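> Below: sequence and its predicted model.
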Amino acid sequence: VFGAITWWALESGGVAVIETQTADGGVRFTHVWYTEPNGELWLEAGTPENGWFIDIQANPAVRFEANGHSARYTARPEEDPSGHDRIRSLIREKYGIRDRWVGLVVDTSRSVAVRLLQAEE
């Protein structure tokens, strides 16, 4: 039951896929939560050790897919420490009880906000 509820919390809606390039040249596909305040696109890396977050440190070019739409972006981690509080607030607002449930099993105290900027094609 615990696993089923956790799957529901993580995957039941509002989930995107981000495609990044790994250090060895491979491709990584990661399911991520996202938010769109004021038309901007923001993601949360749960920890700085998340694989996709490590990938964007070396190569910020990503493909983001949600709701049947896909586009290329440049990922920019938020350097300002207030970014963590902001992304946590936005994620909490969008995902509600699902975010609270995930917070029981995942420590997001070191999460990092990442803004996606439309890439020039």
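Right, received. Where do you want to start? Numbering: from 1, shown residues only.
> Residue 47 contacts residue 54, doesn't it?
No: Residue 47 lies out of contact with residue 54 (Cβ atoms under 8 Å); the separation is 10.2 Å. Bear in mind the C-beta positions are built from the backbone N, C-alpha and C, glycine included.
> could you say what helices and strands the longest helix anywhere in the chain packs with?
Ranked by number of residues, the top helix in the chain under DSSP state H is helix 82-95. When contacts are defined as 3 or more Cβ pairs under 8 Å, 6 or more residues apart in numbering; DSSP states H and E, helix 82-95 packs onto strand 27-35, strand 41-45, helix 97-105, strand 112-118.
> buried sites along the third one?
Meaning helix 97-105. The neighbour-count criterion (16 or more other Cβ atoms under 10 Å) identifies 98, 99, 101, 102 as the buried residues of helix 97-105.
> rewinding a little: worst mean pLDDT among the helices and strands packed on helix 82-95?
Note on the helices and strands packed on helix 82-95: lowest mean pLDDT is at helix 97-105, with a mean of 76.
> tell me the angle that helix makes with helix 82-95.
130 degrees (axes from the mean of the first three to the mean of the last three Cα atoms, to 10 degrees).
> Count residues in the vicinity of residue 71, would you?
Residue 71: 14 surrounding residues under other Cβ atoms under 10 Å.
> any residues touching stretch 99-117, and which ones?
5-6, 9-10, 33, 40-48, 53, 56, 62, 64, 73-78, 83-84, 86-88, 91-92, 95 (Cβ atoms under 8 Å, 6 or more residues apart in numbering).
> before we move on, the earlier item: mind checking the helices and strands packed on helix 82-95 for the one nearest to residue 68?
strand 27-35 (14.5 Å; Cβ to Cβ).
> Show me what the closest one is packed against.
Going by 3+ Cβ pairs under 8 Å, 6+ apart, strand 27-35 lies up against strand 15-21, strand 41-45, helix 51-58, helix 82-95.
> out of these, deepest packed?
Mean neighbour count (mean count of other Cβ atoms under 10 Å) peaks for strand 41-45 among these, with a mean of 22.
> Give me the contacts around that strand.
Contacts of strand 41-45 (Cβ under 8 Å, 6+ apart): 16, 18, 32-36, 52-53, 64, 73, 75, 77, 87-88, 90-91, 108, 111-116.
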